[in-house]
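Participant: Structure for this input, please:
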Amino acid sequence: MNGARFLLDTNYVIGLVKQQEDVIKVVTDRAIEIQACAYSFVTRIELLGFPSITTQEIEGIDRTLAQMHYATLTRKIEDGAILLRRNYRFKTPDAIIAATARCLKLELLTLDQQLMNRIQEI
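Facilitator: Okay, the predicted model is just below:
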């Protein structure tokens, strides 16, 4: 993925949009530019799929995502997600996110410590 170095999980994008202190600190300390970040279709669905989402929230999310790379689903990512589900019992969204990061050789940024621990164990 040309120019991308990081894959942002849903909770990380929320942290950027809402300017959460822990997310902003990592981004600032590591000098991560939004243009070096990517997101998956799963993240977009999770972000915009809430029934009570406001127009203002949709606009903020869309502005943030527009600055990032979009990681399309490929057969290689599908196969990686299938293996993670089958062999390690990952939930489908987590398997897709983890497989996307692995297949595209991107560092996954997430606030989900359980997901990070599971990925590091593999």
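
Participant: those strands in this structure, which residues are they?
Facilitator: 6-8, 37-40, 69-71, 107-109 (DSSP state E).

Participant: Using JSON lines, lay out those together with mean neighbour count.
Facilitator: C-betas here are computed from N, CA, C, even on glycine. Output for the strands of the chain, formatted as JSON lines (neighbours: other C-beta atoms under 10 Å):
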{"stretch": "strand 6-8", "mean neighbour count": "26"}
{"stretch": "strand 37-40", "mean neighbour count": "24"}
{"stretch": "strand 69-71", "mean neighbour count": "20"}
{"stretch": "strand 107-109", "mean neighbour count": "18"}
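
Participant: who wins for proximity to residue 25 among those strands?
Facilitator: Checking the strands of the chain against residue 25 by C-beta to C-beta gives strand 107-109 as the closest, at 12.3 Å.

Participant: and that closest one, what's its mean pLDDT?
Facilitator: Regarding strand 107-109, the rounded mean pLDDT is 98.

Participant: What is the neighbour count of residue 11?
Facilitator: 17 (other C-beta atoms under 10 Å).

Participant: how far away is it from residue 79?
Facilitator: Distance, residue 11 to residue 79, by C-beta to C-beta, to the nearest Å: 25 Å.

Participant: Likewise for residue 15?
Facilitator: Going from residue 15 to residue 79 by C-beta to C-beta gives 30 Å.

Participant: So the two - more neighbours on which side?
Facilitator: residue 15 (21 against 12).

Participant: so what's that one up against?
Facilitator: 22-24, 111 (C-beta atoms under 8 Å, 6 or more residues apart in numbering).

Participant: now with 6 Å?
Facilitator: Applying C-beta atoms under 6 Å, 6 or more residues apart in numbering, we find residue 15 in contact with residue 23.

Participant: now swap in residue 103 and tell me
Facilitator: 76-77, 80.

Participant: and which of the residues you listed is nearest residue 47?
Facilitator: residue 77 (18.9 Å).
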